[in-house]
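K.L.:
Structural data only, the sequence is not supplied:
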Ligand code: NDP
């Protein structure tokens, strides 16, 4: 058997089209245009690309994009003053500060400064707490994308055994909370888990969010399981030429695809879903702020 390979790019396009539909309805029925503000501090080239892509994607769905580029040496007080202005700006429904930020700034304090209802990255302790207590939270974009893909692929997730490998605040923990909210039986594994292989073998759903290249081999996978590989790891690729590299996930794709029922590739699996979910969260934030029904 060879697994169905889940096309994250195609599914991300579907999410974006849905978002664009919601944006049109918000404009036509309520005269509201959702707006996403992205703040970049410093000149990290990778971050500049991410911010540009987010801006393009935002405008493509019909929303307003507000980009704020600040010099690397921006004092904390100036950044907070900008965040405070964005918190108070009725045209802005989502605020994202691109990480990493220069070392004199604290990511934790920046996230805490953003109004929780505009925290479209879902990183604040308020949103983590709301998610953990089953209330209306802004959920972190990457796990939210994984959940949407799982629902799209498997339908109702009730009663499924799910193993999340990784317990970061960014991916592992919110992923586990989202799966729990959908009535999965959830195990969170991490670097201290005893017999990870046996734990993973029980799982109908495996979400790997570790950051270790190809650490989950095919013989850990239960036949027919749905495998979501969040990891992004760069490894040497001598077959492409001297000094060349390629991206791989946390799952050994070649062996796992022989056993799994469904599997995401790296690249082209989970990656594209993150921006799509950022746009979806901005629409959700906009609806909540205006007291309107949220999209599903
Ligand atoms: P972190 O480094 O914050 O967390 C990694 C987790 O993996 C930790 O909980 C750690 O356990 C666990 N871990 C480490 N080694 C092992 C091991 N040998 N066995 C089991 N668990 C282990 O990473 P992130 O959660 O931020 O990211 C994980 C991966 O996902 C990275 O490759 C990252 O690049 C990728 N990523 C991809 C995104 C996308 O858009 N596709 C978005 C965000 C992340 P412990 O807590 O015990 O140390």
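P.N.:
Yep, it's here. Because the structure is predicted, anything quoted here is derived from the model rather than measured. Residues are numbered from 1 along each chain as shown.
K.L.:
The ligand contacts on the stretch 151-296 of the chain?
P.N.:
165-168, 170-172, 189-193, 196, 209-212, 230-233, 270-271, 274 (Cβ under 6 Å from any ligand atom). Yep, even glycine has a C-beta here, placed from its N, CA and C like the rest.
K.L.:
Show the contacting residues for whichever residue of the stretch 1-150 of the chain sits closest to the ligand.
P.N.:
Proximity to the ligand, evaluated over the stretch 1-150 of the chain using Cβ to the nearest ligand atom, is greatest for residue 142 at 4.1 Å. Residues near residue 142 by Cβ atoms under 8 Å, 6 or more residues apart in numbering: 170-171, 230, 270, 273-274, 277.
K.L.:
Over to residue 141?
P.N.:
Residue 141 sits next to 120-122, 273-275, 277-278, 281 when contact means Cβ under 8 Å, 6+ apart.
K.L.:
Most neighbours among these, please name it.
P.N.:
Greatest neighbour count in the contacts of residue 141, by other Cβ atoms under 10 Å, goes to residue 120: 29 neighbours.
K.L.:
shouldn't that residue be in contact with residue 282?
P.N.:
Yes. With contact defined as Cβ atoms under 8 Å, residue 120 and residue 282 form a contacting pair (5.3 Å).
K.L.:
which neighbours do the two share?
P.N.:
By Cβ under 8 Å, 6+ apart, residue 120 and residue 282 have these common neighbours: 36, 93-94.
K.L.:
quick one, phi/psi of residue 95?
P.N.:
Per-residue torsions, residue 95: phi -130, psi 130 (degrees, to the nearest 10).
K.L.:
Which parts of the stretch 151-296 of the chain are strands?
P.N.:
161-165, 185-189, 205-208, 226-229, 233-236, 245-248, 262-263 (DSSP state E, counting those that start in this stretch).
K.L.:
Could you give me the buried positions within stretch 195-207?
P.N.:
Residues of stretch 195-207 classed as buried: 196, 199-201, 203-207 (neighbour count, 16 or more other Cβ atoms under 10 Å).
K.L.:
got the domain boundaries for the protein?
P.N.:
Annotated domains of the chain cover 30-117, 141-273 [automatic domain parsing].
K.L.:
So residue 62, which state does it fall into?
P.N.:
What DSSP: H, G, I helix; E, B strand; the rest coil gives for residue 62 is coil.
K.L.:
ok, it - how many residues close by?
P.N.:
16.
K.L.:
Who are the contact partners of it?
P.N.:
20, 23-24, 27, 33.
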